[in-house]
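Peer 1: quick one, what's the 3D model for this:
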Amino acid sequence: MNGTYSVLADVYNVKVTIFQNEVDVAIYSNPLSRGYFRCDDYGVIPEPSDGDRMYNPFEGRWMNIRDFKDDASSREESLRSSLSRTRSIVNRLGRANSWEFFITFTFDPQKVDRYSWDAVSSKMSNWLNNTRKKAPDLRYLVVPEMHKDGAFHFHGLFSCCDGLGLVDSGVIRDGSKVYNVSSFRLGFTDAERVKQSDRAASYVMKYITKDLVSVSKGKKRYWASRNLIRPEEVFLSVSGKALTRLKYNCLAQSKYSGSSSGPYQEVERFTLDMPDDLDALFSDIGYPYPYIDLLPALPKCFKEDKAS
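Peer 2: Have a look, this model is predicted:
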């Protein structure tokens, strides 16, 4: 399965997100209705839709999320929201997949205007599209980096790299070989083998900054191949002793936990390493479900044991 929203409740207060090696559990203080935010396949971040709703406990009614916004700070809030959503999508896609190489692309200033967002994004899009035609199994997640001087670089996670044209650069870094991408003729490349996919996903997310979001408003700001695995999500309505038990289970097994609060909502978040028995984590609270069927499978072309 890939990117399925498995719904056990139309109105939910628990969202379970299943990645390649981890599980996220979010527990909300007030129920939410199922209005999902989805990015398009081209990396353009849409605004929240009018269908996204949240229950207002003070007024006793469901409200569109847009109705919670303060017009006086709408521009700054829009920027923060766009930044948060872009980072979230990059993080989710990165964690849902396993990666072989982390590659940095630097454009040659003699060939491309590195200070023009339209120029560099167009060149990167064309190169990725042409490369996929030669290597149809290639999987990638690419994000830009905006330097302090305004120049753009690109960083990407790649897997199924046969046909990418990796050649040994002769450089050894931290005990591992560094490669170059011979098919990229617009500048310079640096490719290193990924040792931990989960950490690599968090690493690329840090390149998404407020300045980058500002210059790319309404434009592509990340590149994700359409054959990437999307995380699976399950929505539950849990209350009473079952909710207390779920919180206990998550806290006992989580490697990261935290909480956030706003005017109308408090959220407790837990990140767990993939449990040995994912079904047992939830059947223990009375919600048996074949979660194991949602685990993402590695692509056949993935080569985790390939020599560095």
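
Peer 1: shaky segments in the chain?
Peer 2: 1-9, 35-75, 277, 288-308 (pLDDT under 70).

Peer 1: off-centre distance for whatever helix or strand Arg92 lives in?
Peer 2: Arg92 is part of helix 74-96, with elements assigned from DSSP states H and E. With Cα atoms, centre = their mean, to the nearest Å as the basis, helix 74-96 stands 9 Å off its chain's centre.

Peer 1: so where do the helices sit in the stretch 101-250 of the chain?
Peer 2: Per DSSP state H, counting those that start in this stretch, the stretch 101-250 of the chain carries helices over the ranges 117-134, 197-205, 210-215, 240-253.

Peer 1: any idea which of those gets closest to Glu232?
Peer 2: For the helices of the stretch 101-250 of the chain, the distance to Glu232 is smallest for helix 197-205, at 16.2 Å, taking Cβ to Cβ. Backbone N, C-alpha and C define where each C-beta goes, glycine included.

Peer 1: report all helices and strands that the closest one contacts.
Peer 2: Helices and strands touching helix 197-205, as assessed by 3 or more Cβ pairs under 8 Å, 6 or more residues apart in numbering; DSSP states H and E, comprise helix 74-96, strand 101-107, strand 139-146, strand 152-159.

Peer 1: can you count the residues close to Arg226?
Peer 2: Arg226 has 8 neighbours, counted by other Cβ atoms under 10 Å.

Peer 1: can I get the helices of the stretch 101-250 of the chain in CSV including mean neighbour count and distance to Leu272?
Peer 2: Listed next are those as CSV, based on neighbours: other Cβ atoms under 10 Å; distance: least, Cβ to Cβ, whole Å:
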stretch, mean neighbour count, distance to Leu272
helix 117-134, 16, 33
helix 197-205, 19, 12
helix 210-215, 15, 30
helix 240-253, 15, 5
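
Peer 1: turn these into TSV, columns for distance to His147.
Peer 2: As requested, the helices of the stretch 101-250 of the chain are arranged in TSV below (distance: least, Cβ to Cβ, whole Å):
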stretch	distance to His147
helix 117-134	12
helix 197-205	16
helix 210-215	10
helix 240-253	40
